[in-house]
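**Student:** just a sequence and a predicted model for now, questions to come.
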Amino acid sequence: MLLSLALLLLAGPARAQDEDLPLAIPANPDAPPPAVQAPEPEVVGPQAPTRGAPMTPEKLEALRRYQAERLSIRGETEVYGGGARAVWVGGWWGPRWGPHTTVAVVPEPVFATRTWGIYQGPQRIDVPDAMRMSGDTQAEALEGTIRSKKNAARAWYTVAGVGGAVAVASLFGQLSADNRYEYANWQIAGLGGATAGVVGLLGAAGPAGEARALERYPARSLTPAEARNLVDRHNDRLRQELGLSPQEVWSIEREEPPGPPGY
């Protein structure tokens, strides 16, 4: 009886210790290791997709309209030159073949200019139109400046036209002159007309070029920061009009071509 009780006391702690240990199962060396699934990275910010919201035809139409009507700033490279011109070098009178003339062909160099412009979708637009679309109050003042310069250029072109007409009329007058005195007067009139034509063309080149530059190149009237604010103001108003969220339009704006340095 005492021997059985002693054996029972000795076997109890050993069984309890065995029950606390986990059951070890030998692993199969030929089995592949279990695959560990990596946690899906969390996407935050404007690139986060909208989950649970299917694309409706109305939403698709709004996104297409935003892409077509939004403004953007893009860098440009304008290339000039590359042609050739003939230059008269000299002439002489040969004993056998009569007069001889030497003409040289001079190639013009090619050079490029870096600039930038404002686009609506794929189309480049003038600066006054972009300012008016964004609600900028300086659009009327800029249009007035451009209009005054175009009027000045038009006046100079009128002078050049009248001078050219007088020069052409003098040629017919010289051919039909009855005496040397009349012929000399027509020559003087032709010289004056040609001079007026050249002066008119030179005078019109300045205001006409300035008007075209103010109309085409934003850098003549806007700083880069002002141009960016103008574009953002128009795009924000268009986004709110179409009922789009910033996340929805960011997928379109991040794909626009790179602008000039400094943007």
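**Tutor:** Done, it's in. Keep in mind that this is a model prediction, so the values were computed, not measured. Residues are numbered from 1 along each chain as shown.

**Student:** tell me where the protein has helices.
**Tutor:** In the chain, the helices defined using DSSP state H lie at 2-20, 57-69, 127-133, 139-175, 180-216, 224-242, 246-253.

**Student:** out of those helices, which one sits most buried?
**Tutor:** For those, the largest average neighbour count (mean count of other CB atoms under 10 Å) is found in helix 127-133, namely a mean of 21. Yep, even glycine has a C-beta here, placed from its N, CA and C like the rest.

**Student:** nearest residue to Leu242 in space, please, no chain neighbours.
**Tutor:** Ala62 (4.2 Å; CB to CB, 6 or more residues apart in numbering).

**Student:** so that neighbour touches Ser245, yeah?
**Tutor:** No. Ala62 is not in contact with Ser245 according to CB atoms under 8 Å; the separation is 10.7 Å.

**Student:** list the residues that contact the nearest residue to Arg114 once chain neighbours are set aside.
**Tutor:** Spatial nearest neighbour of Arg114, excluding adjacent residues (CB to CB, 6+ apart): Thr77 at 5.8 Å. Contact partners of Thr77, counting by CB atoms under 8 Å, 6 or more residues apart in numbering, are Ala112, Thr113, Arg114, Thr115.

**Student:** was I right about the third one contacting Val79?
**Tutor:** No. Applying CB under 8 Å as the test, Arg114 and Val79 come out as separate, 10.9 Å apart.

**Student:** for Gly161, which non-adjacent residue is spatially closest?
**Tutor:** The nearest residue in space to Gly161 (CB to CB, 6+ apart) is Gly200, at 7.3 Å.

**Student:** ok, so what distance separates that neighbour from Tyr119?
**Tutor:** 36 Å (CB to CB, to the nearest Å).

**Student:** pLDDT below threshold where in this structure?
**Tutor:** Within the chain, the ranges that satisfy pLDDT under 70 run 1-53, 81-106, 255-263.

**Student:** hmm, back to that, dump the residue contacts of the residue nearest to Leu242.
**Tutor:** Leu242, Gly243, Leu244.

**Student:** what count of nearby residues applies to the last one?
**Tutor:** By other CB atoms under 10 Å, the residues close to Leu244 number 18.

**Student:** so who does it touch?
**Tutor:** Ala62, Leu63, Tyr66.

**Student:** the last one against Val249, yeah?
**Tutor:** Yes. Checked against CB under 8 Å, the pair Tyr66 and Val249 is within contact range at 5.9 Å.

**Student:** overlap in contacts of those two?
**Tutor:** Joint contacts of Tyr66 and Val249 (CB under 8 Å, 6+ apart) are Arg239.

**Student:** Gly75 contacts Ile118, doesn't it?
**Tutor:** No. With contacts counted by CB under 8 Å, Gly75 stays clear of Ile118, the gap being 11.7 Å.

**Student:** those two: which is more packed in?
**Tutor:** Ile118 (25 against 14).

**Student:** beta partners of the more buried one?
**Tutor:** Beta bridges link Ile118 to Ile73, judged by DSSP bridges.

**Student:** can you pull the contacts of it?
**Tutor:** Leu71, Ser72, Ile73, Arg124, Ile125, Val127, Ala130, Pro218, Ala227, Leu230, Val231.

**Student:** how about these in JSON lines, adding distance to Lys150?
**Tutor:** Shown next, in JSON lines, are those (distance: CB to CB, whole Å):
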{"residue": "Leu71", "distance to Lys150": "25"}
{"residue": "Ser72", "distance to Lys150": "28"}
{"residue": "Ile73", "distance to Lys150": "26"}
{"residue": "Arg124", "distance to Lys150": "20"}
{"residue": "Ile125", "distance to Lys150": "18"}
{"residue": "Val127", "distance to Lys150": "15"}
{"residue": "Ala130", "distance to Lys150": "19"}
{"residue": "Pro218", "distance to Lys150": "19"}
{"residue": "Ala227", "distance to Lys150": "23"}
{"residue": "Leu230", "distance to Lys150": "23"}
{"residue": "Val231", "distance to Lys150": "26"}
